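> missing the sequence, but the structure's below:
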DNA sequence: AGTATCTCCTGCGTGC
DNA sequence: TGCACGCAGGAGATAC
């Protein structure tokens, strides 16, 4: 399940293979993603050159002359680079391909089709999906003062609050669980009742967890692989996510699982208050 | 404005 | 082996 570290892993994996290359054609086999892939996109992209691959939150942005291809991997999406000369049989749910002039292929695979591929003319910040996004978690703009100020009066659980992409982008369910464990905060605590000092700790933990996950290539649960098809190694570092009933790595008390906003939430009732 | 609920979709694990 | 079922979940849409 791609979260920010997985998306960044993907970005780093594909950029060197497609930047400054010309798109020969776009092949769409299944247009029905979260929103239909725009009908005119194939004609629009043919002959264009990808300048760079950037990321905003969990959105990948393929910069192309006058605009950007906005790609979201949803729950189950992945992008794979097929280098010139390599053959990879087409699998079920391989919905889209970008073919480049040196025969490199960028292949989009998404069984659940929660992802999207959209076009936005410059500037990308004008796109409704992008413009309402909060700061990048690894930037200096994401800090305790901001979280503290924005959370005053909010009754929503702290976990739901930090997963709100208008507050901060890229903190999905796995990393929200993990960061709250390291920060020692009960995920059910009302966001508006968390002190500035605890937000300082939490911000530090979110940054650390995300940075570490990027370093090791993301978290592979079931089927996430990077653009080279290799798994990420963060799964073995998980402290709470997916470990309900198992002993807390800190105090050995069994971890508790609850649901917050329809999301699986695992925490230690002793270490997280 | 904030909050809760619904929705999209397929693959996987479970129980019979 | 096969079926029905429940569950997972990013995040926009919708309703209050």
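Cool, the structure landed. What you see is a predicted model; the values in this text were computed from it and never measured.
> show me which residues of chain A are close to DNA strand C?
A:1, A:3, A:34, A:57-58, A:72, A:74-76, A:112, A:114, A:129, A:132, A:163, A:165, A:172-174, A:259, A:262-264 (C-beta under 7 Å from any atom of the strand). Placement of C-beta: from N, CA and C, glycine included.
> now those residues: which count as buried?
A:1, A:3, A:57, A:58, A:72, A:74, A:76, A:129, A:163, A:172, A:173, A:174 (16 or more other C-beta atoms under 10 Å).
> helix/strand/coil for residue A:97?
Assigned with DSSP: H, G, I helix; E, B strand; the rest coil, residue A:97 falls in the strand class.
> that one touches residue A:23, doesn't it?
No - the criterion here is C-beta atoms under 8 Å, and residue A:97 misses it with residue A:23 at 10.4 Å.
> check residue A:264 and give its pLDDT.
Listed pLDDT for residue A:264 reads 91.
> name the SS class of it, please.
Following three-state DSSP, the label given to residue A:264 is strand.
> ok, it to residue A:187 distance?
Per C-beta to C-beta, to the nearest Å, residue A:264 is found 11 Å from residue A:187.
> same question for residue A:241.
On the measure of C-beta to C-beta, residue A:241 and residue A:187 end up 11 Å apart.
> also residue A:11?
Residue A:11 sits 29 Å away from residue A:187, going by C-beta to C-beta.
> for residue A:152, same thing?
Taking C-beta to C-beta, one finds residue A:152 at 19 Å from residue A:187.
> who has more neighbours, those two?
Comparing residue A:152 with residue A:187 by other C-beta atoms under 10 Å, the one with more neighbours is residue A:187, at 23 against 10.
> contacting residues for that one?
Residue A:187 makes contacts with A:157, A:158, A:159, A:176, A:177, A:180, A:258, A:260, A:265, A:267, A:272, as judged by C-beta atoms under 8 Å, 6 or more residues apart in numbering.
> may I ask you to confirm that residue A:168 is in contact with residue A:141?
No - the pair residue A:168 / residue A:141 is not scored as a contact, 9.2 Å apart, by C-beta under 8 Å.
> shared neighbours of those two, which are they?
By C-beta under 8 Å, 6+ apart, residue A:168 and residue A:141 have these common neighbours: residue A:135.
> what ranges does the stretch 1-150 of chain A have for its strands?
Assigned by DSSP state E, counting those that start in this stretch, the stretch 1-150 of chain A shows strands spanning A:23-28, A:52-56, A:59-64, A:67-72, A:78-82, A:94-100, A:105-109, A:116-121.
> can you list those in CSV and add mean pLDDT?
Converted to CSV, those look like this (pLDDT from 0 to 100):
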stretch, mean pLDDT
strand A:23-28, 96
strand A:52-56, 94
strand A:59-64, 95
strand A:67-72, 94
strand A:78-82, 93
strand A:94-100, 96
strand A:105-109, 95
strand A:116-121, 93
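> I am finished for the moment; much appreciated.
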